[in-house]
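> prediction below, plus the sequence it came from.
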Amino acid sequence: MSTKQTLVVIGNGMVGHNFLENIAESDIADKYQIVTFCEEELLAYDRVHLSEYFDGKTAADLSLVKPNFFEENNITVHIGDKAIEIDRENKQVISEKGQTIAYDKLVLAMGSSAFVPPIPGNDRENCIAYRTIDDLDDMMAAAKTAKVGAVVGGGLLGLEAAKALQNLGLKTYVVQFDSRLMSAQLDDGGAALLAEKIEDIGVSVLLDKNTTDISDGDKCMHKMSFSDGTELETDMILYSAGIRPRDELGSACGLDIAPRGGVVINNQCLTSDPDIYAIGECASWQEQTFGLVAPGYAMARAVVDQLADGDTLFTGADMSTKLKLNGVDVASIGDPHATTPGALVYTYQNGVDGIYKRLVVDKDSKYLLGAVLVGDAEDYPTLLQYYLNGIELPDNPDSLILPSRGDAPAGLGPDALPDSAQICSCFDITKGDLCASIEGGCTTLGALKDDTKAATGCGGCAALVKSVLDCELEKAGIEVNTDICEHFPYTRQDLYNLVMVEEIKSFTDLLKLHGTGQGCEICKQTIGSILASYWNEYVLEEDHVSVQDTNDAFLANMQKDGTYSVVPRMAGGEVTPDGLIAVGQVAKKYGLYTKLTGGQRVDLFGARLDQLPSIWKELIDAGFESGHAYGKSLRTVKSCVGSTWCRFGVDDSVGLAIELENRYKGLRSPHKIKFAVSGCTRECAEAQSKDIGIIAVEGGWNLYVCGNGGMKPRHGDLFATNLDKETLIKYIDRVLTFYVQTADRMQRTSVWMDNMEGGLDYLRSVVIDDKLGLCDQLEDQMQRVVDTYQCEWKTTIEDESKVKRFRHFVNSDKHDENIIFIEERGQIRPANIEERQLLLAEKVS
Amino acid sequence: MSYKDEWVDICSKEDLVPNSGICALVTGEQVAIFYFPDNDTLYAINNFDPFGKVHVLSRGMVGDLNGVPMVSSPLYKQHFNLKTGQCLEDEDVSVESYGVRIKDDRVEVNLTGE
C-alpha cells in the first residue's frame, strides 16, 4: 500500500517551479505524490528577463523547465487549468476544468497580477498589462500600427517596458504617479539623475501625473487626461504600476489575508491553516509582500525544509537590488530613504559624468543602513557586503563613494567577509560554500561555478566569486600550475603573446627561446595552432608539419582503423547538382562510405592515406576546396533556406552563411568553431547552439555568441541586436580574434565565456565599447587571416614533395593490407578485430 | 646470417621527415622510423598501435617526457618510449624496438634490434 502523501502546488511561476525543483532534489521527494496547476498555457518561465523576449528570445528560451522535468520526477502537471476553489474541510482543490484533487499538504504559489489603476477607460483596446508572455505578444501586435506608447508606472518594470516600447519604434512616455522614478528604491537625487538619463535616450518622463480618464484621442487612439488638467495622446497604454498579490483563492476559503493584500504567513511560511503554505508574491509576511524572486526562492527553500522536518525559517529578505536600466547602472541597498531614526547621509554628486551616490549610515557612522547608486554602481558589491554582514565602516565612510584618486583603496577584500556572507543571492551561496568547494579542488572559476552554481544566475556576483577564489588560493598557498606542459612554463595566452610580440614564426624558434627539451604533443599542437592562427602559413611547410596534430598532419580525419575521412567544403550547406554528382562519383570510384554531417555537408570515410592526394585532386578539379573538418578551426556555417524560398523567411540566411563561411574558412583556433544563420526566429538552423549564431529579425541581424552542442550543451548568449551586416561582421571579427588570442587550449567558446571575469558584459565592453582599445588590432588580425587564405589541399597536390608524405611505406608502393572493410547496408565499414583476424588468416592460407 | 646482412636498406636520408615519423616495410613488418635532427638521432619501433590495434604509430607526434624520447599514438595519445618501445602509461604494454642507422646517406633498419 502506498504511504505517499499528496502535495498540491497551485501555480507554476518562478517561485512555484523553484519549489518543485527544490523538493525534487531533496530527500523527501519520494514521500509525496506531487500535483501542480499551471493556469497559463506556458509552464514556468523567467519573468525577470521578460523584456529579452523583444530581443528575439523565444518562449522556449525563457522557459525555466528542464526537458522531461515533470516526467522524470513523477510530478503531475495540469497545464492551462486554473485552481478555482480550495475546499479546506475536505482538503481538496477543485479546478476550472473540473479536476478534484485531494491534498495532504497544499502550497499556494499563485504569484501576483499587474495592478491596473481604476481609471475610466482603462480597458480600451491596446491598453495592456505588462506581465506575461501573452501580454508581450499583445504589445507586439499593437505596436505594428501604434506610433506613440505610454507606460503607466515608473518603477523597475515600467522602465523596462518603456525601453521595450522604444525598441519597437514607438515614441515613448513614462507616466509616473509619484514625484520620482523607482520611488521605493531611490531618493530624490538619484531619481532625478535617472530621469535625466532616461530622457537622454529619448523616453519622455512625466512625473506627478494622476490619470483620471482615458478616452478617444484626436491624433492617436487614446487621450489620457491628468488631474492637473494636462493631457497625453497615445496609441497604446501599458500598465506597470505595481503588482497585487493573487490572494483571491485564499480569501475565498477563509485564510487570513493581510490588510494590504496577500495570504498571511508566519516564519514557517504557514498560512492560518496548518496544512497550507504560501510562498512568493501571493504571500504576506509581517505585512510585507515581496516582488522579487530571491525572497520567493528563500520561502520555497524554507517550506521544503519544513516538510522534511527541518527548521529553516523565512525571516524576511534583503530587497537590495542592482540593475542596468536602459544602459544606466542603478542600485539600491537597505534603507535608501534614511527612515531609520538618527540615520545620517553622505551624498556624492558628479554632474559632469552623471553619477549620484548616497550612503545612509547609523548615528555613529559605524554601520551602513542603506545606499543609492545611479550612473556608477561599481561599489555595489562592496557596500552590500558592509550592509548584509554588519561590517564596521572605515573612519571616513564617504571614502567608500568618493572617487578614488589612486591612493585610497576603498574596496573591501573578500578576506574581511565572514563565512556566512552571502555571495550569490540567486542560489544562496555563501563565502563558506565557496571556500569548501575550493578546498575540494575547484580551483578555477569555471569549476567553482559548475560545482556551486554561484554566478550562474544573474551573474552579478561573478567578480566577487573570482576574488574569493583568488584570495583563498593565495591563502592556501596553492599555486595553480597553469603551465601548458613540462616544456613551456607558460599558458596558451602567454605563448600567443610571445609569438605576437617577438614575431616568432616556428615551434623550433619558440622552443629555443622559451622552452626546454624536445616538446610533446600538447605544446606542439598548441603552438602549431597559435602559429597558424597568427601567421596563417601553410601548415605542411617543413617548419610546421611536425607540430601538427594527428588530423592536421595529413589534412584529413583519422578514423579508428587508421583510414581517413574526407570533407569538401559546401559553404552554407549549398551545393549544386553537378557538385553533388562529382562528390558521389569520387566516393563511388574509391569505394568510400558516405554520410551527411550535422554541419550540412558530405563526409566520405574509408580513404587510405595513400589515396588522399588523388581523391583531393579529383574534388578540386570538380571545384571543391578543403572543408577543414580536420582542423581546430572554423568548420561550417549552417543555414536554413531563408527568405529566398521560405514563406516565413525575414532575410537571406543562405547568402549570409556563405559569405561568413568564405570569410572565416581556415581560421585556426583553440578549438573547433561552428556558426549558423537562421532566416527568422523560428530558428531552423539552430543558431543558438553554435559558437556564433545569427538570426534574422525585422530590424537586421541578432548575434548570439558562445553556444555549443556536444557533451555539455549551452545556448549562446544574445550579444547584440538589430545589426546591419557590416557591424555584424566587425563584431564577429573582434569576438573570434579575441577568443583566439585569449582562450586556453582546447577551450570551446562556451567555456571561455564561463571563465571570463565579467562574462558577457565584459565581452561586450571589449568588442562593442572598445574598453581595451583593441578593436582595430582585432579586426586587422582577422583581415590578415582572411587575406592569406589558401586551400591547403590545393597547395598540397601541386607540390610533389608534399604528396610524397602520403605514401604508407617510404620504401614500397604497397598499401597497408591490414585495412579491411565489410559491406553493410550497401556501403563499407571497417572490419572489427575478429573479422579482421579471420579474413587475414584466410588470405594467408 | 652474418651481422652485416641483418641491416636492411630502407631509403635515402632525404626521405626522413625531421621531428616526425615515416613507415617502412621490412620483410613483412611495418616499421616506424623517427628522426630527431637536433641530436641527429634515429629511432625505429613497430608501427602497430597495441591500443587501437592498427598500424599508425609512424603518424604520431614525437618529443620527450622527462627526458625520454617518445611518440604519442595518433589515435588515443598513449606514449611509447622510442628507445625501448615501452608504453609509458601501461607497463604491461610495449611494442618491438629495432636498430636503425644512417650509412652513406642511406637509412638502414635491423630487426634484431642491434
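Looks like it arrived, so ask away.

> for whichever residue of the stretch 601-750 of chain A sits closest to chain B, grab the count of nearby residues.
Minimum separation of the stretch 601-750 of chain A from chain B (C-beta to the nearest C-beta) falls at residue A:609, amounting to 7.8 Å. (Each C-beta comes from the backbone N, C-alpha and C, glycine too.) A count of nearby residues for residue A:609, using other C-beta atoms under 10 Å in any protein chain shown, gives 22.

> and residue A:18, by the same measure?
23.

> cool, residue A:319 as well?
18.

> that one reaches residue A:290, doesn't it?
Yes. At 7.3 Å, residue A:319 and residue A:290 qualify as touching, with contact defined as C-beta atoms under 8 Å.

> re the thing from before, verify the stated contact: the residue of the stretch 601-750 of chain A closest to chain B with residue A:806.
Yes. If you go by C-beta under 8 Å, residue A:609 and residue A:806 touch, sitting 5.5 Å apart.

> overlap in contacts, those two.
residue A:554 (C-beta atoms under 8 Å, 6 or more residues apart in numbering or on different chains).

> residue boundaries of the strands in the stretch 451-600 of chain A?
Per DSSP state E, counting those that start in this stretch, the stretch 451-600 of chain A carries strands over the ranges A:557-558, A:564-566, A:593-596.

> show me how far the shortest one is from its chain's centre.
Distance, stretch centre to chain centre, for strand A:557-558: 33 Å (C-alpha atoms, centre = their mean, to the nearest Å).

> neighbouring contacts of it?
In contact with strand A:557-558 (C-beta under 8 Å, 6+ apart) are residues A:550-551, A:564-565, A:567, A:629-630, B:56, B:59, B:74-75.

> cool, the longest one as well?
Residues outside strand A:593-596 that contact it (C-beta under 8 Å, 6+ apart): A:584, A:587, A:602-606, A:827-829.

> mind listing what that strand pairs with, with the direction of each?
Its sheet considered, strand A:593-596 pairs with strand A:602-607 (antiparallel) by DSSP bridges.

> got the CA coordinates for the strand it pairs with in CSV?
In CSV, the C-alpha atoms belonging to strand A:602-607 read as follows (Å, rounded to 0.1, in the frame of the first residue of the first chain):
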residue,chain,number,x,y,z
VAL,A,602,29.1,15.2,-47.1
ASP,A,603,31.6,13.1,-45.2
LEU,A,604,33.5,10.4,-47.2
PHE,A,605,35.0,7.7,-45.0
GLY,A,606,37.5,4.9,-45.5
ALA,A,607,40.2,6.6,-47.6
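
> list the buried ones in that strand?
A:602-607 (16 or more other C-beta atoms under 10 Å in any protein chain shown).

> before we move on, what about stretch B:88-95?
Under 16+ other C-beta under 10 Å, the buried positions of stretch B:88-95 are B:94-95.

> so how far is the first residue of it from its last?
11 Å (C-alpha to C-alpha, to the nearest Å).

> also stretch A:245-254?
16 Å.

> how much space is there between the nearest residue to residue A:51 once chain neighbours are set aside and chain B?
Computed as C-beta to C-beta, 6 or more residues apart in numbering or on different chains, the closest residue to residue A:51 that is not its neighbour in sequence is residue A:160, at 4.7 Å. Remark: distance between residue A:160 and chain B (C-beta to the nearest C-beta, to the nearest Å) = 51 Å.

> what is the helix or strand where residue A:160 lies packed up against?
Assigned by DSSP states H and E, residue A:160 belongs to helix A:156-167. Applying 3 or more C-beta pairs under 8 Å, 6 or more residues apart in numbering or on different chains; DSSP states H and E, we find helix A:156-167 packed against helix A:133-143, strand A:148-152, strand A:171-175, strand A:236-239, strand A:321-325.

> can you tell me the element the residue nearest the centre of chain B falls in?
Centroid check for chain B by C-alpha atoms, centre = their mean gives residue B:44 as the closest residue, at 2.5 Å. Counting by DSSP H and E, the element that carries residue B:44 is strand B:41-46.

> give me every residue that touches residue A:827.
Contacts of residue A:827 (C-beta under 8 Å, 6+ apart): A:593-594.

> and what of the one 4 residues further on?
Residues near residue A:831 by C-beta under 8 Å, 6+ apart: A:561, A:820-822, A:839.

> next: residue A:786.
A:663-664.

> helix or strand: which one has it?
helix A:775-787.

> in that helix, what's buried?
A:775, A:778, A:781-782, A:785-786.

> and of those residues, the nearest to chain B?
residue A:785 (24.4 Å).

> quick one: the closest one and residue A:663 touch, right?
No. Using C-beta under 8 Å as the test, residue A:785 is too far from residue A:663 to be in contact (9.5 Å).

> dump the buried residues of strand A:602-607 to TSV, plus pLDDT.
Compiled in TSV, those are given as follows (pLDDT from 0 to 100):
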residue	pLDDT
A:602	97
A:603	97
A:604	98
A:605	98
A:606	97
A:607	97
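
> in JSON lines, list the residues you listed along with distance to residue A:674.
Listed next are those as JSON lines, based on distance: C-beta to C-beta, whole Å:
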{"residue": "A:602", "distance to residue A:674": "17"}
{"residue": "A:603", "distance to residue A:674": "15"}
{"residue": "A:604", "distance to residue A:674": "20"}
{"residue": "A:605", "distance to residue A:674": "20"}
{"residue": "A:606", "distance to residue A:674": "25"}
{"residue": "A:607", "distance to residue A:674": "24"}
